[in-house]
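Chemist: Here is the input, now give the coordinates:
(one chain, ligands or ions: 1)
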Amino acid sequence: MRTSPASRDTTAAALAVEDLSVHYGGVCAVRSISFTVEPGASVGIIGANGAGKTSTLKALMGLVPRSGGRVTLGGHDLTRVRARDMVRHGIGYVPEGRHVFPGLSVEKNLLLGAYARRWDDKTRATLDEVHELFPVLREMSGRPAGALSGGQQQMLAIGRALMTGPRLLLLDEPSMGLSPKLVGFILDTLRRLREEGLSLLLVEQNAKLTFGATTHCLVMENGSVAITGTSEELGRDARVRQIYLGL
Ligand code: ATP
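Modeler: Residues are numbered from 1 along each chain as shown. Below is the predicted model:
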């Protein structure tokens, strides 16, 4: 396995989030939270339904307005960067529910991921890497994305985000609706990406995926960060397992 793909710049990926808040009208979904993702680290966000996990990722990407806070990546202030420009700064996003373009071919979905890049040797190398990670996407490249299974669509959503050439990948519930076998495959894939130096920020309900793929976790409760720790510690913590993961 290659440890550092030539097409991916993994330097200076540290994400710093300071006092991030999100309001929907009068509803406060995220209350002034702060955390960092160190270069090459993999951080999970867990918590009950409605805790503010998805809103945190969307606010990072600029997909919902932030009512306060600062976001920097590798020291660059991204607070005022528009959502469509975030990928140019090295943040890839895999949304909850995949959102592939069902009428377009698998190949076109992947190429859309590279919309902000020039079509050069580096981009071609990224496409080769995505095909190596997910061979089924090469085999089905001419098929409409809507004809893929749920698991294949999740691979396509991850592949499309990788085509942006990210230094940091945000993933929102990649295990949703997948069989245990496919969750295991996604876990192996995320571990492999982490070994290759990509930083990850993962929102998940699935404990196996969260604790297996991440080094550190935040537990969110009512829009705030209630507990932080290493994934190993939190995975053993009876209160976290019972209250937040229902195990
Ligand atoms: P889940 O695990 O169920 O996806 P979550 O932890 O991701 O939950 P969010 O989806 O971020 O939580 O929701 C946080 C709070 O914000 C909830 O109270 C939710 O009802 C509210 N909320 C989310 N999106 C909107 C919206 N577009 N308009 C109004 N309120 C919203």
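Chemist: how about the residues of the protein that lie near the ligand?
Modeler: 24, 27, 29, 47, 49-55 (Cβ under 6 Å from any ligand atom). For glycine as for every other residue, the C-beta is placed from the backbone atoms N, C-alpha and C.
Chemist: Show me which of those residues are buried.
Modeler: Neighbour-count burial within the residues of the chain next to the ligand applies to 29, 47, 51-55; the criterion is 16 or more other Cβ atoms under 10 Å.
Chemist: with those residues in mind, which one is nearest to Thr230?
Modeler: Gly47 (17.1 Å; Cβ to Cβ).
Chemist: Was I right to think that closest one contacts Gly223?
Modeler: No: taking Cβ atoms under 8 Å as the definition, Gly47 is not a contact partner of Gly223, at 9.5 Å.
Chemist: Then Thr72 would be within a strand, right?
Modeler: Yes: the assignment for Thr72 (DSSP: H, G, I helix; E, B strand; the rest coil) places it in a strand.
Chemist: residue contacts, the residue lying closest to it once chain neighbours are set aside?
Modeler: Nearest residue to Thr72, sequence neighbours excluded (Cβ to Cβ, 6 or more residues apart in numbering): Ala16, at 4.7 Å. Contact partners of Ala16, counting by Cβ atoms under 8 Å, 6 or more residues apart in numbering, are 36, 70-73.
Chemist: For the ligand, state which of those is nearest.
Modeler: Nearest to the ligand among the contacts of Ala16: Val71, at 16.4 Å, using Cβ to the nearest ligand atom.
Chemist: Can you give me the distance of the closest one to Tyr24?
Modeler: 19 Å (Cβ to Cβ, to the nearest Å).
Chemist: swap in Leu156?
Modeler: Counting by Cβ to Cβ - Leu156 and Tyr24 are separated by 30 Å.
Chemist: So which residues of the protein form helices?
Modeler: Ranges of helices in the chain, per DSSP state H, are 53-61, 83-86, 106-113, 121-133, 135-139, 150-162, 180-195, 207-213, 231-236, 238-239.
Chemist: Can I get the ones you listed in TSV including mean pLDDT and distance to Asp77?
Modeler: Shown next, in TSV, are these (pLDDT from 0 to 100; distance: least, Cβ to Cβ, whole Å):
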stretch	mean pLDDT	distance to Asp77
helix 53-61	95	13
helix 83-86	86	13
helix 106-113	93	25
helix 121-133	91	26
helix 135-139	96	35
helix 150-162	94	23
helix 180-195	92	26
helix 207-213	88	28
helix 231-236	92	29
helix 238-239	84	37
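Chemist: can you tell which of these is closest to Glu173?
Modeler: Using Cβ to Cβ, the helices of the chain put helix 53-61 closest to Glu173, at 8.0 Å.
Chemist: Export only the CA atoms of the closest one, formatted as PDB.
Modeler: Provided in PDB are the C-alpha atoms of helix 53-61 (Å, rounded to 0.1, in the frame of the first residue of the first chain):
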ATOM      1  CA  LYS A  53     -23.500  16.900  14.700                       C
ATOM      2  CA  THR A  54     -24.700  17.400  11.100                       C
ATOM      3  CA  SER A  55     -25.200  21.100  11.700                       C
ATOM      4  CA  THR A  56     -21.500  21.300  12.900                       C
ATOM      5  CA  LEU A  57     -20.300  19.700   9.600                       C
ATOM      6  CA  LYS A  58     -22.600  21.800   7.500                       C
ATOM      7  CA  ALA A  59     -21.500  25.000   9.300                       C
ATOM      8  CA  LEU A  60     -17.800  24.000   8.700                       C
ATOM      9  CA  MET A  61     -18.500  23.700   5.000                       C
END
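Chemist: What about the protein, which residue is the most distant from its middle?
Modeler: Computed with Cα atoms, centre = their mean, the residue of the chain farthest from its C-alpha average is Gly26, at 27.9 Å.
Chemist: so who does Ile46 touch?
Modeler: Residues in contact with Ile46 (Cβ under 8 Å, 6+ apart) are 53, 203-205, 207, 210, 217-220, 234, 240, 244-245.
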